[in-house]
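Novice: sequence unavailable; structure follows:
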């Protein structure tokens, strides 16, 4: 599903970062470990198609990302990849339901209200469907962000530090939800984190070291 | 979910900001609309009323006053001219049609105009009921006069001197209503038509009445203007003469012929109304400039609002990009936001403009008399609408470019 080889990225002409080669098969769940500044987020953005102009090769679902035009890359990202960011940022002007609708709308997919209801129910958010996002608790907001990421049944889910701000109980809960959502559609799951608590949940790991 | 729903929700999320932008713009647009409607209708009215009249001949005085008084019936007469002298002008071969006007009296501020049937024909006046005036002291009412004074056919009334309601009444000579005209949006609506002789009869006092019969007995040739008296009558007077040229040559020669006579002056409606507009135009220009300043400020305010909200929405933008939104989509969404704001502002402004004129029409009798209302629509309003839409797009352009250039990775990585 994901193949990375000889990958390097230049922040500026003199500052570059190199990444180890790795490959992830479909449906596998990986941890991307490393200290702050080791390039976890950069790697995630490169593999997720948020960052372009890399050196080497990044192939996702047998597509070399550098060969896609910007618009094609946007479309590819929308349809194949779901993101969960550390700040589980929701669009505050919209309701929970509208936030979820944005996901298929922006990816150019048909909006399936039944699917939205299902995903919300699975995550225990059924009664929050019409709520404004600023009335949600942090835990609920995180679940909406997860719902948004998995709604399009993406082939790959990237999570960037999803648990760093959570206590143990919520950390366990979120990781369980992520694993469950990923397994449901055989999505590949990659979690970038420095949170040691996750090691017990996911055994396959890619270790980055600050260079 | 569409781009429109997204933009609409963004606008709804900042209700005060959105409201102030819409209000600012709509005020500017409303002023422009009011000026447009008012000016266009006034100009239309004035050209309609002056149509077919090439020259007004009256007593010496202000030419503008001569026009205002004899065509629009809003000012006082400059004085009288001898019928005999008017007759000479009317018989000039360059004159196609000459209409005598005898003014001076009114009924409840509505002017009584002594004239010939040619005058009603000039404005294509048609009877709604009753008959045309026939004998002295018979009158035919304009449509507005009838509806606002409640006079009916067969009613009699006394005229008062001048244009006020408190002038001296001519109680010994009562006018009788013979007919009512159809409303046709010209000056005819607001005047009372009668024969020239009526005015003479009301103003002649007992000592001169005998004189009329005397001249009538000895007349050699009847007057072309007022057939009941002799062409060379030396006593009778009228206020003015409305002339229509037979050929363009008249425009060159007739004013000179008229002005050569010491007691007469000629005024061209086209020239004088143009002069009037250039005087009024200064005031209208100042108000218009003020409206443009309002619109410019609202444009600036929309720009600042979008610019600031875009700063707050950098993360929103990046998230949307991560979900597959293209640069173009974000660019268009910001343009749409600016366009939607100005569209709402200008539609509300246009409605306000029409509303104000409709209100004015019901509250102020003068605008009603002038026939200026709010239920008229001009093609220029599309220009206002299009222009403000363009303003919105221009104001949104820089914020939209910012959205277009959002560096997703950088925004998402920054905490």
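Specialist: Everything's here; your move. Note that the structure is a prediction, hence the values are computed from the model and not measured.

Novice: and after the longest strand seen in chain A, which helix or strand comes next?
Specialist: Identified as the longest strand of chain A according to DSSP state E is strand A:2-10. Scanning forward in sequence from strand A:2-10 by DSSP states H and E, the next helix or strand is strand A:16-18.

Novice: please identify the buried residues of that following strand?
Specialist: Buried positions in strand A:16-18, judged by neighbour count with 16 or more other Cβ atoms under 10 Å in any protein chain shown: residue A:17. Placement of C-beta: from N, CA and C, glycine included.

Novice: give me the next element, helix or strand, following that strand.
Specialist: Next along from strand A:16-18, by DSSP H and E: strand A:22-24.

Novice: pretty sure residue B:287 is touching residue B:36, no?
Specialist: No - using Cβ atoms under 8 Å, residue B:287 makes no contact with residue B:36, being 11.4 Å away.

Novice: of the two, who's got more company?
Specialist: Set side by side, residue B:287 and residue B:36 show more neighbours around residue B:36, with 18 against 13, by other Cβ atoms under 10 Å in any protein chain shown.

Novice: residues contacting that one?
Specialist: B:353, B:378, B:380, B:381, B:384 (Cβ atoms under 8 Å, 6 or more residues apart in numbering or on different chains).

Novice: for the spatially most central residue of chain A, give me the backbone phi and psi.
Specialist: Note on chain A: the residue nearest the mean C-alpha position is residue A:158, at 2.2 Å, using Cα atoms, centre = their mean. Dihedral angles of residue A:158 (phi, psi; degrees, to the nearest 10) stand at phi -110, psi 130.

Novice: residue contacts, it?
Specialist: Contacts of residue A:158 (Cβ under 8 Å, 6+ apart): A:44, A:47, A:48, A:81, A:82, A:83, A:84, A:190, A:192.

Novice: now secondary structure and pLDDT too, for those, in JSON lines please.
Specialist: Shown next, in JSON lines, are those (DSSP: H, G, I helix; E, B strand; the rest coil; pLDDT from 0 to 100):
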{"residue": "A:44", "secondary structure": "helix", "pLDDT": "91"}
{"residue": "A:47", "secondary structure": "helix", "pLDDT": "92"}
{"residue": "A:48", "secondary structure": "coil", "pLDDT": "91"}
{"residue": "A:81", "secondary structure": "strand", "pLDDT": "93"}
{"residue": "A:82", "secondary structure": "strand", "pLDDT": "93"}
{"residue": "A:83", "secondary structure": "strand", "pLDDT": "93"}
{"residue": "A:84", "secondary structure": "strand", "pLDDT": "91"}
{"residue": "A:190", "secondary structure": "strand", "pLDDT": "93"}
{"residue": "A:192", "secondary structure": "strand", "pLDDT": "91"}
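
Novice: which stretches in the stretch 51-200 of chain B count as strands?
Specialist: For the stretch 51-200 of chain B, strands defined by DSSP state E, counting those that start in this stretch occupy the ranges B:55-59, B:81-82, B:95-107, B:110-115, B:127-130, B:138-141, B:156-161, B:169-181, B:191-195.

Novice: for the chain, longest helix please?
Specialist: Looking at chain A here, since you left the chain open. Secondary structure of chain A per DSSP state H: the longest helix is helix A:168-184.

Novice: my question was about chain B
Specialist: Using DSSP H to define each element, chain B has its longest helix at helix B:269-312.

Novice: give me the spatial nearest neighbour of the closest residue to chain A within chain B, chain neighbours excluded.
Specialist: Sorted by distance to chain A under Cβ to the nearest Cβ, the residues of chain B start with residue B:324, at 1.7 Å. Leaving aside its sequence neighbours, residue B:324 sits nearest to residue A:78 (Cβ to Cβ, 6 or more residues apart in numbering or on different chains; 1.7 Å).

Novice: next, count neighbours for residue B:394.
Specialist: Neighbour tally, residue B:394, other Cβ under 10 Å: 15.

Novice: so it is in which element?
Specialist: Per DSSP H and E: helix B:380-405 holds residue B:394.

Novice: packing partners of that helix?
Specialist: Other helices and strands packing on helix B:380-405, by 3 or more Cβ pairs under 8 Å, 6 or more residues apart in numbering or on different chains; DSSP states H and E, are helix B:15-50, helix B:269-312, helix B:327-363.
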